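> Prediction below, plus the sequence it came from.
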Amino acid sequence: MSAFPFTPADLGLPSKFRTWRKHQDTAISRALDSGKKFVAQNEPTGSGKSAGYVALSQLLGRTCVVTATKGLQDQVSGEFGSMGMVDIRGRNNYPCRLSPGLTCEDGMHVRCQYQGGENPSCPSRRQYKKALDSQLVVTNYSYWTAIHRFSEGLGKFDLLVCDEAHACPDEICDAMSTYFTTEEVYRHLNAQFPADDASIEVWRRWARELLPKAESKVEELADYIKDSGGMAATRDIKRLVALKALASKLETIATSTGQWVAEASVKGGYTLDPVWPADYAEKLLFLGIPKVLLVSATVIPKTLQLLGIDESEYEFQEYPAVFPASRNPFIYVPTVAVDHRTFAQVDGKRNAWIDLWLMRIDQLIADRLDRKGIVHTVSYNRKNLILENSEYAEYMVSHSPLDTGDQIRRFRAQSPPAVLLSPSVDTGWDFPFTDCEYQIICKVPYPDTRSRVMTARCNSKTGDPLYGPYITAQKLVQSCGRDMRAPDDRGENIIIDDKIKGFLAAYHDLLPKWFLALYRRSDGLPMPPPKLERRER
């Protein structure tokens with residue numbers, strides 16, 4: 001492999017990208033030279049992944065970058081919009097010109113007059129046409145899978161970039177996951193669900209029998225709305241949208257293949273999930289595109305296996321950490337092996353191990369009251385236990401599933417001492433610089449395997465015994481990445497679950513090498529590094 005001959009300016013990158021970061025040009029060159037269709041690159045935070053794959057796009061041709069969140073989509077389009085990158089997302093993100101309160105998704109179902117023609121004035125359709133004409137497109141997994149599954153697609157591409165590629169298996173399964181409410185099945189079709197223990201074949205027959213009835217009702221209501229001459233009530237439009245969605249869901253199950261499970265929902269109704277993403281990866285994600293780049297700080301060969309990519313089809317590349325390990329250590333402090341037995345009562349009293357566990361959390365916080373930190377509780381029950389017993393509860397900010405964003409904003413605005421207690425900020429949230437200078441991981445984040453789909457995936461005989469450890473490793477690495485976002489940033493990651501020793505010994509192959517290099521054991525309480533003096537966002 002020869003030295004990479006191009007500068008960022010040569011490839012038209014924005015002026016802020018003046019030189020290549022460490023390993024960045026190597027990653028671009030290796031992806032370009034690889035003879036494999038799939039190239040997976042494990043690149044730690046700070047590697048400059050986005051600039052790298054946009055540079056690659058300028059050498060390979062028409063490219064779509066697919067992101068895991070709309071927030072990341074905003075970030076990528078903001079950085080590279082000056083190069084002509086077009087951001088496209090679902091119709092419900094654009095206001096319909098037909099009537100206030102409607103989105104372009106609603107307007108599409110009533111043949112909105114603004115959608116047609118060579119130069120449509122419909123905001124969604126206009127943005128779609130821009131994306132079709134662009135050499136560089138960014139979208140999210142939800143839109144990418146839906147536009148190719150249910151609509152006309154986004155045209156041909158030479159390169160597909162799967163950003164945050166560790167999320168691909170879940171994104172594919174989420175795209176196929178189908179939720180039927182009791183109300184929609186009964187109200188629209190006057191039907192009932194199969195028995196709770198029915199096999200997927202029974203569910204497929206059920207869907208095939210109901211699908212013609214749903215399609216007939218869609219046609220009747222669509223004709224009624226059309227005959228109304230544009231005077232249809234909003235409730236009729238909304239009902240048509242709901243009927244079309246129901247028909248689509250029935251078709252998904254009627255035509256499904258592979259292993260699926262059905263499970264009653266706590267909200268009523270049933271959710272049906274594919275057990276494995278491999279059955280749908282090509283159809284929903286890869287789409288025959290000649291070159292696919294999968295990039296993430298946590299993508300590993302196991303990720304590609306879950307996607308059904310044969311070892312002969314891909315090249316896996318792993319790069320070292322850009323940030324010094326001394327600025328982002330992963331520290332094990334021996335405390336207690338944390339599992340359900342730790343929290344069980346003994347003779348009607350609280351287990352003494354819980355007191356040691358709670359004491360260790362408070363000890364670590366006590367030495368860090370001059371800064372802000374996060375305690376990853378893994379569950380809401382443990383979050384509540386800490387909040388009820390900590391000496392520093394007055395400094396703690398916690399949240400429910402319904403107010404996560406609001407409470408995180410409150411935490412960001414709070415001055416030290418401040419501690420965010422959360423079971424769910426291991427992905428999707430960044431806390432750079434003085435937003436967070438330490439993290440306490442209370443427990444090895446094993447997944448909850450009680451659902452039917454997780455039971456099927458983790459079954460040692462019929463499933464994949466490495467699936468649970470793989471998810472655990474992903475959550476662990478992602479959690480530790482929340483507080484270190486730049487070379488001059490710094491963050492401690494401290495785990496107090498003794499089970500980490502056995503996990504690292506048994507499953508080190510499921511963890512990136514750069515992450516393992518951060519690990520060290522501290523037999524005493526680790527002293528915090530000097531406090532950061534600046535706060536950047």
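Nice, thanks for sending it over.
> can you tell me which helix or strand K213 belongs to?
helix 200-227 (DSSP states H and E).
> same deal with A473?
helix 467-480.
> which stretches of the stretch 101-250 of the chain aren't confidently modelled?
109-111, 113, 115-119, 229-232 (pLDDT under 70).
> do the same with the stretch 251-400 of the chain
346-348.
> for it, what spans make up the strands?
260-264, 270-274, 291-296, 314-318, 330-336, 372-376, 396-397 (DSSP state E, counting those that start in this stretch).
> Now stretch 302-311: buried residues?
For stretch 302-311, the neighbour count (16 or more other C-beta atoms under 10 Å) marks 302-309 as buried. Where you see a C-beta, it was placed from the backbone N, CA and C, and this is true even at glycine.
> Any idea how far apart the tips of that stretch sit?
Using C-alpha to C-alpha, to the nearest Å, one end of stretch 302-311 lies 10 Å from the other.
> residues in contact with Y380?
Listed by C-beta atoms under 8 Å, 6 or more residues apart in numbering, the contact set of Y380 reads 400-401, 423.
> most tightly surrounded among the strands of the stretch 251-400 of the chain?
strand 372-376 (a mean of 26; mean count of other C-beta atoms under 10 Å).
> so what strands line up beside that one?
Within its sheet, strand 372-376 is paired with strand 418-422 (parallel), strand 438-441 (parallel), according to DSSP bridges.
> before we move on, the earlier item: output the contacting helices and strands for the helix holding A473.
Using 3 or more C-beta pairs under 8 Å, 6 or more residues apart in numbering; DSSP states H and E as the contact test, the elements touching helix 467-480 are helix 301-306, strand 438-441, helix 452-458, helix 500-507.
> picking that back up, can I get the strands paired with strand 372-376 in JSON lines including distance to G481, mean neighbour count and mean pLDDT?
Below are these laid out as JSON lines (distance: least, C-beta to C-beta, whole Å; neighbours: other C-beta atoms under 10 Å; pLDDT from 0 to 100):
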{"stretch": "strand 418-422", "distance to G481": "15", "mean neighbour count": "25", "mean pLDDT": "97"}
{"stretch": "strand 438-441", "distance to G481": "10", "mean neighbour count": "24", "mean pLDDT": "98"}
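> JSON lines for the ones you listed, including distance to K461?
Below are those laid out as JSON lines (distance: least, C-beta to C-beta, whole Å):
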{"stretch": "strand 418-422", "distance to K461": "35"}
{"stretch": "strand 438-441", "distance to K461": "31"}
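> Of the ones you listed, which is nearest V477?
strand 438-441 (11.1 Å; C-beta to C-beta).
> Show me how far the closest one is from its chain's centre.
21 Å (C-alpha atoms, centre = their mean, to the nearest Å).
> Pull the residues that contact it.
Contacts for strand 438-441 (C-beta under 8 Å, 6+ apart): 361, 364-365, 368, 371, 373-376, 476, 479-480, 482-483, 491-497, 528.
> thinking again about what came up before, which of the contacts of Y380 are buried?
By 16+ other C-beta under 10 Å, the contacts of Y380 give P423 as buried.
> closest to R410 among the contacts of Y380?
S400 (13.1 Å).
> State the phi and psi torsions of the closest one.
phi -100, psi 170 (degrees, to the nearest 10).
> Only the buried residues of stretch 399-411, if you could.
By 16+ other C-beta under 10 Å, the buried positions in stretch 399-411 come out as 399, 407-408, 411.
> Repeat that for stretch 16-36.
In stretch 16-36, counting by 16+ other C-beta under 10 Å, buried: 17, 20-21, 23-31, 34.
> Using PDB, write out the CA atom coordinates for it.
Provided in PDB are the C-alpha atoms of stretch 16-36 (Å, rounded to 0.1, in the frame of the first residue of the first chain):
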ATOM      1  CA  LYS A  16     -11.500  23.200   9.000                       C
ATOM      2  CA  PHE A  17     -10.000  19.800   7.900                       C
ATOM      3  CA  ARG A  18      -6.500  21.000   7.100                       C
ATOM      4  CA  THR A  19      -4.500  17.900   7.700                       C
ATOM      5  CA  TRP A  20      -5.200  14.200   8.300                       C
ATOM      6  CA  ARG A  21      -5.400  13.000  11.900                       C
ATOM      7  CA  LYS A  22      -3.300  10.100  13.100                       C
ATOM      8  CA  HIS A  23      -4.200   6.900  11.200                       C
ATOM      9  CA  GLN A  24      -6.900   8.800   9.300                       C
ATOM     10  CA  ASP A  25      -5.200   8.700   5.900                       C
ATOM     11  CA  THR A  26      -4.300   5.100   6.400                       C
ATOM     12  CA  ALA A  27      -7.900   4.200   7.100                       C
ATOM     13  CA  ILE A  28      -9.000   5.900   3.900                       C
ATOM     14  CA  SER A  29      -6.300   4.300   1.800                       C
ATOM     15  CA  ARG A  30      -6.900   0.800   3.200                       C
ATOM     16  CA  ALA A  31     -10.600   1.100   2.500                       C
ATOM     17  CA  LEU A  32      -9.900   2.300  -1.000                       C
ATOM     18  CA  ASP A  33      -7.400  -0.500  -1.800                       C
ATOM     19  CA  SER A  34      -9.400  -3.300  -0.200                       C
ATOM     20  CA  GLY A  35     -10.700  -5.800  -2.700                       C
ATOM     21  CA  LYS A  36     -13.600  -6.900  -0.400                       C
END
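> ok, residues contacting it?
So stretch 16-36 is contacted by 1-4, 7-9, 39, 41, 43, 46-48, 51-52, 55-56, 59-60, 293, 313-315, 317, 319-320, 322 (C-beta under 8 Å, 6+ apart).
> 7 Å instead, please
1, 4, 8, 39, 41, 43, 47-48, 51-52, 55-56, 59, 293, 313-315, 317, 319, 322 (C-beta atoms under 7 Å, 6 or more residues apart in numbering).
> Helices - which of those land there?
Residues of those located in helices (DSSP state H): 51-52, 55-56, 59.
> Name the nearest of these relative to A247.
Using C-beta to C-beta, the ones in helices among the contacts of stretch 16-36 come closest to A247 at L56, 40.4 Å.
> What residues does that closest one make contact with?
28, 31-32, 159, 293.
> Just the closest of those to V138, please.
L159 (12.6 Å).
> I figured the closest one was touching L59, is that so?
No. Taking C-beta atoms under 7 Å as the definition, L159 is not a contact partner of L59, at 9.0 Å.
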